[in-house]
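Chemist: starting from these lines, generate the structure:
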Amino acid sequence: MPAMLVAMSDIHIHREHRLGWDAAVRLAQDWQAQAEQDWGLVCKALAQDGAQHIAFERPGLKGSLRVTDREFELRMSLGFLLEAYRARIEAAMQQRLEGWLGGT
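Modeler: Next up, the predicted model:
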């Protein structure tokens with residue numbers, strides 16, 4: 001299967017973990033609360049197919065966080081005005097996720 005192409009304005013972060021389902025969902029809920037409060041994202045959570053899905057958006061940004069008992073997957077598309085900050089946004093998301101997951 002060919003590798004997925006990621007546009008310059010897209011961010012894709014995938015991280016495996018060993019937290020288990022309950023702890024992973026709590027972490028996703030914490031992420032959602034922080035995203036809504038600190039970044040002004042409008043989020044909608046849905047549990048289906050053994051995963052917690054959080055769709056989010058705000059002007060110039062949309063994406064999703066998918067959480068299972070073994071992995072986190074964040075996908076985000078940036079609009080034209082935020083595209084210039086892609087590297088900074090991605091680094092901040094990576095750092096934050098690493099801080100939450102630590103050495104799991």
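
Chemist: which SSE is residue 34 in?
Modeler: Per DSSP states H and E: residue 34 is located in helix 21-39.

Chemist: just checking, what packs against the following helix or strand past that helix?
Modeler: Following helix 21-39 in sequence order, the next helix or strand is strand 42-48 (DSSP H and E). Applying 3 or more C-beta pairs under 8 Å, 6 or more residues apart in numbering; DSSP states H and E, one finds that strand 42-48 makes contact with helix 21-39, strand 51-58. Heads up, the C-betas are built off the backbone N, CA and C, glycines and all.

Chemist: quick one on the thing from earlier: for the helix holding residue 34, buried residues please.
Modeler: By 16 or more other C-beta atoms under 10 Å, the buried positions in helix 21-39 come out as 24, 25, 27, 28, 31, 32, 35.

Chemist: any chance of these in CSV with distance to residue 96 as columns?
Modeler: As requested, those are exported to CSV (distance: C-beta to C-beta, whole Å):
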residue, distance to residue 96
24, 15
25, 17
27, 11
28, 13
31, 8
32, 13
35, 10
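
Chemist: what's the closest of these to residue 84?
Modeler: Nearest to residue 84, judged by C-beta to C-beta, of these is residue 35 at 20.9 Å.

Chemist: centroid-nearest residue for this protein?
Modeler: For the chain, the residue nearest the mean C-alpha position is residue 74 (3.1 Å; C-alpha atoms, centre = their mean).

Chemist: could you pull up the residues touching that residue?
Modeler: 11, 12, 13, 14, 63, 64, 65, 66, 93, 97 (C-beta atoms under 8 Å, 6 or more residues apart in numbering).

Chemist: same check on residue 96?
Modeler: By C-beta under 8 Å, 6+ apart, residue 96 has no neighbours at all.

Chemist: before we move on, back to that, the residue nearest to the centre of the chain: which element?
Modeler: Using DSSP H and E, the element containing residue 74 is strand 71-78.

Chemist: can you give me the angle that strand makes with helix 21-39?
Modeler: Interaxial angle, strand 71-78 versus helix 21-39 (axes from the mean of the first three to the mean of the last three C-alpha atoms, to 10 degrees): 20 degrees.
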